[in-house]
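Asker: heads up, no residue letters with this:
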Ligand SMILES: Nc1ncnc2c1ncn2[C@@H]1O[C@H](COP(=O)(O)OP(=O)(O)OP(=O)(O)O)[C@@H](O)[C@H]1O
Ligand SMILES: [Mg+2]
């Protein structure tokens, strides 16, 4: 009994240290910044450095200042239709993009999973490879492709489909945003789909065929339902970050595209209204908590 | 009137009737995977309503043969005929053949019911008929209580029964069973064997079964094919395979056997005399006409249950006597196996039925014993 001492406590500590690391990480890099943002969102706008009146300066100050908290910034969000429509537009764009990603990504993942074993790793590599180049540079490259005097126009003119004076006008439209998003997020859709499809036991399809089910039908009754965990994972992995996407609509969408990420950026840097932009960020997070929780539950079930 | 309980082995031998056409015909079928030959120039006829068993060691090509018949593999050479029609080019979902997979291949996202109903839905059967048939199948495999479960909530044996029910549900003309009962306990397996024989007879289906259990093959099937490395070593009824094995391989593979090497020293009126130098004995056995020639190297094969063991020396001049010392006794409940060591060092097995609840065996370890058998008890094998 007396021997519990050092031998007992070491593995105990080691186990806790292991568990503590991810929690500490979340605490430091997620919860703390979030609390700071939340605090800022509750304060008043001020023309100063920093451009807001801090509500709390120290612990002793805490109770005295508690009455200074204000939900004015949140109320303001409901008053200006700009925010409301930016949120809606973001959700719409994210939804359409996710569906497009699924339509484009599924056949790619399916093809990869059906490819000969020796080829598969190379194909996965090919999907990941673009990550080795900066995301920003890749989006910029799309400007070169999509702009009226860009590669698409040149190619179509070269093929004689477009006359010398005609140009393609995709750049600075929502279409360009969709193209950019689908291009950028494709790996996040393809990889979970591939993981699900690769696991699929090919004898199940044989069994279906044996029982009289032709291949096209067995795709819908066997393959697709069994790949649903991958579909769900891929959709959430894409949908959630796309809602807050800022770079792609800013670079490819022009002024026409309204997305909450852009609004946030403008509020923060152009208007220097930190409290309102913090409120925008907090509301965005709350909106996204819903799909994140659904996603978590799905993952647990799978 | 007394009604028969369970199936009775009828006089059923379509393979002996030259006017009948085989229902399934493998015609010089070869299957190669790369440069590995899994099935080698194999010809096999199976008749309608036959219960046909494939027996053979692991990797000898049994599953491959079935997969070709079901349509998942194409023969590299040769062709397969079903009811006289060449099957090549017909996709699996159009063949009137159902297969029970060795790995079960149950659909994990469907319930037990859903799995069993799957094939019927593909046929376009209406819901009420599907429900009746599914209930029937669930009863057959004794899984009524598990209808709503998913495969991952079942034990191995239960999954196997679902797979069996699913393949049976469509009542195909030909049913391929790839080790259908391997995961079941002995009692359930025996019951299911009889159920299978009942169904097969009642519905007039043709069954092709793969099993590693020889007793099972002998119980259920009309004929057995013993395979080895992609070729058929012998086809015959259970008793033909057991009593008249065509080669050492078959004799050794099916059941227990004593094999004694020797040289044919005389053939007289269908009786061959074999001189066995290794065990220093002369063995007299029936030889098929024209098969055995003097001077040929041959093996004498005899089943342990046909060897009599005794403590007393037989009268002088009795043929087929070996003497040795009891090396080991194995008690198996119904029988005891005596392993007798001959002077040359080789071991001959003899089994004795345990007719009484013996406390002390009359023959025991290290006793000097004599082994005898009648001239027609064993066979001479040239291959
Ligand atoms: N797709 C394939 N590619 C390459 N070799 C294969 C393939 N399928 C089977 N084989 C080989 O063919 C041989 C026969 O396989 P098969 O599955 O028919 O054996 P089996 O008699 O059913 O064995 P078991 O009793 O273990 O099930 C094996 O040696 C196996 O390795
Ligand atoms: Mg097999």
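Answerer: Received the coordinates, thanks. Owing to the predicted nature of the structure, the values given are computational and were not obtained by experimental measurement. Ligands and ions are numbered 1, 2, ... in the order given.

Asker: residues contacting the most centrally placed residue in chain A?
Answerer: Nearest residue to the geometric centre of chain A (CA atoms, centre = their mean): residue A:241, 1.6 Å. For residue A:241, the contacting residues are A:185, A:188, by CB atoms under 8 Å, 6 or more residues apart in numbering or on different chains. Glycine gets a C-beta too; all of them are placed from N, C-alpha and C.

Asker: so where does it fall, helix or strand?
Answerer: According to DSSP states H and E, residue A:241 maps onto helix A:224-243.

Asker: Next secondary structure after that helix?
Answerer: Next element after helix A:224-243 (DSSP H and E): helix A:247-252.

Asker: tell me the average confidence for that next one?
Answerer: Helix A:247-252 shows an average pLDDT of 89 in the prediction.

Asker: likewise stretch A:166-184?
Answerer: Along stretch A:166-184, the predicted confidence averages to a pLDDT of 89.

Asker: Could you look up the SS state of the residue nearest to residue A:187 when sequence neighbours are not counted?
Answerer: Leaving aside its sequence neighbours, residue A:187 sits nearest to residue A:127 (CB to CB, 6 or more residues apart in numbering or on different chains; 5.1 Å). Three-state call for residue A:127 (DSSP: H, G, I helix; E, B strand; the rest coil): helix.

Asker: nearest residue to the residue nearest the centre of chain B other than its sequence neighbours?
Answerer: Taking CA atoms, centre = their mean, the centroid of chain B lies closest to residue B:217, which sits 3.6 Å from it. Excluding its sequence neighbours, the residue lying closest to residue B:217 (CB to CB, 6+ apart) is residue B:53, at 4.0 Å.

Asker: hmm, back to that, what lies in contact with the helix or strand where the residue nearest to the centre of chain B lies?
Answerer: Residue B:217 is located in helix B:214-220, with elements delineated by DSSP H and E. Identification of contacts with helix B:214-220 by CB under 8 Å, 6+ apart yields B:51, B:53, B:55, B:181, B:189-190, B:193, B:196-197, B:207, B:209, B:211, B:224, B:238, B:242, B:254-255.

Asker: Which residues of the stretch 151-300 of chain B lie near chain A?
Answerer: Within the stretch 151-300 of chain B, the positions near chain A by CB under 8 Å from any CB of the partner chain are B:166, B:167, B:170.

Asker: Format those as JSON lines; extra columns: secondary structure and neighbour count.
Answerer: Converted to JSON lines, these look like this (DSSP: H, G, I helix; E, B strand; the rest coil; neighbours: other CB atoms under 10 Å in any protein chain shown):
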{"residue": "B:166", "secondary structure": "helix", "neighbour count": "31"}
{"residue": "B:167", "secondary structure": "helix", "neighbour count": "27"}
{"residue": "B:170", "secondary structure": "coil", "neighbour count": "22"}
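
Asker: Contacting ligand 2 as well, which ones from the residues you listed?
Answerer: Residues of those in contact with ligand 2 (CB under 5 Å from the ion): none.

Asker: Now do the buried residues in stretch B:189-207.
Answerer: Within stretch B:189-207, the residues that count as buried by 16 or more other CB atoms under 10 Å in any protein chain shown are B:189, B:192, B:193, B:195, B:196, B:197, B:199, B:200, B:205, B:206, B:207.

Asker: Now, those residues that are in helices?
Answerer: Judged by DSSP state H, these include B:189, B:192, B:193, B:195, B:196, B:197, B:199, B:200 as members of helices.

Asker: I'd assumed residue B:181 was in contact with the third one.
Answerer: Yes - proximity of residue B:193 to residue B:181 meets the contact threshold set by CB atoms under 8 Å, at 6.8 Å.

Asker: Neighbours of the residue in the stretch 51-200 of chain B positioned nearest to ligand 2, how many?
Answerer: Across the stretch 51-200 of chain B, the shortest distance to ligand 2 (CB to the ion) belongs to residue B:63, at 3.1 Å. Using other CB atoms under 10 Å in any protein chain shown, residue B:63 has 22 neighbouring residues.

Asker: That one contacts residue B:100, correct?
Answerer: No - contact criterion CB under 8 Å: residue B:63 and residue B:100 do not qualify, at 11.4 Å.

Asker: so what's residue 275 up against?
Answerer: In the absence of a named chain, this looks at chain A. A:40, A:41, A:42, A:43, A:44, A:45, A:52, A:73.

Asker: that's the other chain; I wanted chain B
Answerer: B:262, B:263, B:264, B:265, B:282.

Asker: before we move on, back to that, I'd like the distance between the residue nearest to residue A:187 and residue A:108.
Answerer: Residue A:127 sits at a distance of 8 Å from residue A:108 (criterion: CB to CB, to the nearest Å).
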